[in-house]
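Undergrad: Give me coordinates for this.
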Amino acid sequence: MPHNKIKLRREEGADCRAVEKITYEAFKTAPHAGGDEALLVHKLRGTSAFVPELDFVAEIAGNVVGNIMYTKSRIVKDGGAGKDSGREWETLTFGPVSVLPAYQGRGVGSALIHRTLETARALGFRAVLIFGHEEYYPRFGFEDAAKYGVAAADGQNFPAFMALPLYAGALDGVSGRLVCDPVYFSLDKNESETFNLQFQTPNPDVVFPVPAFFVTYIKPTIRNKNIIVGDFTYFSDVDFERHVTHHYGFYDDKLIIGKFCQIAAGVEFIMNGANHQINAASTFPFHILEGWKQYPPPLSQLPLKGDTVVGSDVWIGQNAVILPGVHIGNGAIIGANAVVGSDVAPYTIMAGNPARPVRKRFDSELVELLQEYKWWDLPVDQIQKLIPLLTGSDLGKLKNALKGKLGRDKIRPAIPVSK
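TA: The predicted structure is shown next:
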């Protein structure tokens, strides 16, 4: 299970695309959603009404999973008799509030709302008016806006239109219609559909490729320069780096993982820092523990195994352990709970502790063709066309197709015989 500690912070420039993706996923199947929420978030940042001090994201395990935005709005007293005719009072409006589907119902949205309402209060804003679910927002203190003499822009009131004064008496003597930034009412359906296309195509830089489940593309989450992961390799959890253990910088060993690998929850990559000196009387690491005489052995005396390398399209089952220096070939399958301490040939199934070969997945000819073709290095649009072949069970058809693509089925021209 992912770690549920929620970290709240201001949105940064590098978060923008992730926030738009989260907004798209959060509202994709939501009742009454218009399909333009992601474009709205994109455009709000460029308006004069946008309040960057109240633009917050929520992180779990270093990944952005939620966002809230605020804009300035105003209550306008329509013309007519009375001393307040034409008067305006500045207020705030928030929305969208977006939480990735896998994290909904876990307090992320509530944390964002509580934190930003406190911040808005500290900044001296008068009140917040929103359009939202009338059974959800009262828990934060929102009430029917009609109670405060405020109507929507068209002069109407309804239960989903709510207000929250941010200090005592903030809405005393205030009445009129709420006016929001025009951007809320100027979004074009065709523009929204075009904008949303970017979220509907494979993108290796998106952290959450299956928004309703705890699955992460590893590459965009990596911070350690000695962990190198290819496009579209995923982990069935969050915070992959926590599963790379004993990885100490002074050994400079690397974990290198190819593209399109599938790594289940609980998998651990043990790196060279776990190895102790075994060619001496004691294996105890005196040199790294406080208070002992510091006589570190030279690296040449330690059983270092080198880099750990995993090929492409490798499936590693739940709770498997990969020991230092192991090389796993393309297309291999590592069984659940396996402990892999030796190299794995391409397209081989390994299982057990210690892991041993169960069988080859394919005959040597097909393995050779797959190794040569390297479908994982092709552009996404070409891989899309190959999916029926890559996921079909007709291996003979696959073999013939690969031969064709590699030019092996072409008849070579006859060499002329000299007379």
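
Undergrad: Can you show me the helices along the stretch 101-250 of the chain?
TA: Secondary structure of the stretch 101-250 of the chain, counting by DSSP state H, counting those that start in this stretch: helices at 108-122, 189-196.

Undergrad: can you check the stretch 301-419 of the chain too?
TA: According to DSSP H, counting those that start in this stretch, the helices that the stretch 301-419 of the chain contains are 364-373, 380-391, 395-405.

Undergrad: who does the longest one touch, helix- and strand-wise?
TA: Packing partners of helix 380-391 (3 or more CB pairs under 8 Å, 6 or more residues apart in numbering; DSSP states H and E): helix 395-405. Yep, even glycine has a C-beta here, placed from its N, CA and C like the rest.

Undergrad: what secondary structure does the nearest residue to Val108 once chain neighbours are set aside sit in?
TA: Computed as CB to CB, 6 or more residues apart in numbering, the closest residue to Val108 that is not its neighbour in sequence is Gly66, at 4.3 Å. Using DSSP: H, G, I helix; E, B strand; the rest coil, the structure places Gly66 in strand.

Undergrad: what's across from Gly66 in the sheet?
TA: Ala58, Val99 (DSSP bridges).

Undergrad: contacting residues for it?
TA: Taking CB atoms under 8 Å, 6 or more residues apart in numbering, we find Gly66 in contact with Ile22, Val57, Ala58, Val97, Ser98, Val99, Leu100, Tyr103, Val108, Gly109, Leu112.

Undergrad: gap between it and Cys16?
TA: Note on Gly66: its distance to Cys16, by CB to CB, to the nearest Å, is 14 Å.

Undergrad: now Leu398
TA: Leu398 sits 41 Å away from Cys16 when distances are taken as CB to CB.

Undergrad: Name the residue in these two with the higher neighbour count.
TA: Leu398 (20 against 14; other CB atoms under 10 Å).

Undergrad: residues in contact with the nearest residue to that one once chain neighbours are set aside?
TA: Excluding the flanking residues, the one nearest Leu398 by CB to CB, 6+ apart is Leu389, at 5.4 Å. Contacts here follow CB under 8 Å, 6+ apart; on that basis Leu389 touches Lys397, Leu398, Ala401.

Undergrad: So which of these is the closest to Gln262?
TA: In terms of CB to CB, no member of the contacts of Leu389 lies closer to Gln262 than Leu398, at 19.2 Å.

Undergrad: which ones are touching that closest one?
TA: Applying CB under 8 Å, 6+ apart, the residues near Leu398 are Leu366, Leu389, Leu390, Gly392.

Undergrad: Against Asp343, how distant is the residue nearest to the third one when sequence neighbours are not counted?
TA: Which is Leu390. Spatial nearest neighbour of Leu390, chain neighbours left out: Trp375 (6.5 Å); criterion: CB to CB, 6+ apart. Taking CB to CB as the measure, Trp375 falls 23 Å from Asp343.

Undergrad: Tell me which of the two has more neighbours.
TA: Taking other CB under 10 Å, Trp375 and Asp343 do not tie; Trp375 has more neighbours (18 against 13).

Undergrad: Please report how far the residue nearest to Leu54 when sequence neighbours are not counted lies from Leu8.
TA: Nearest residue to Leu54, sequence neighbours excluded (CB to CB, 6+ apart): Tyr70, at 3.8 Å. Note on Tyr70: its distance to Leu8, by CB to CB, is 14 Å.
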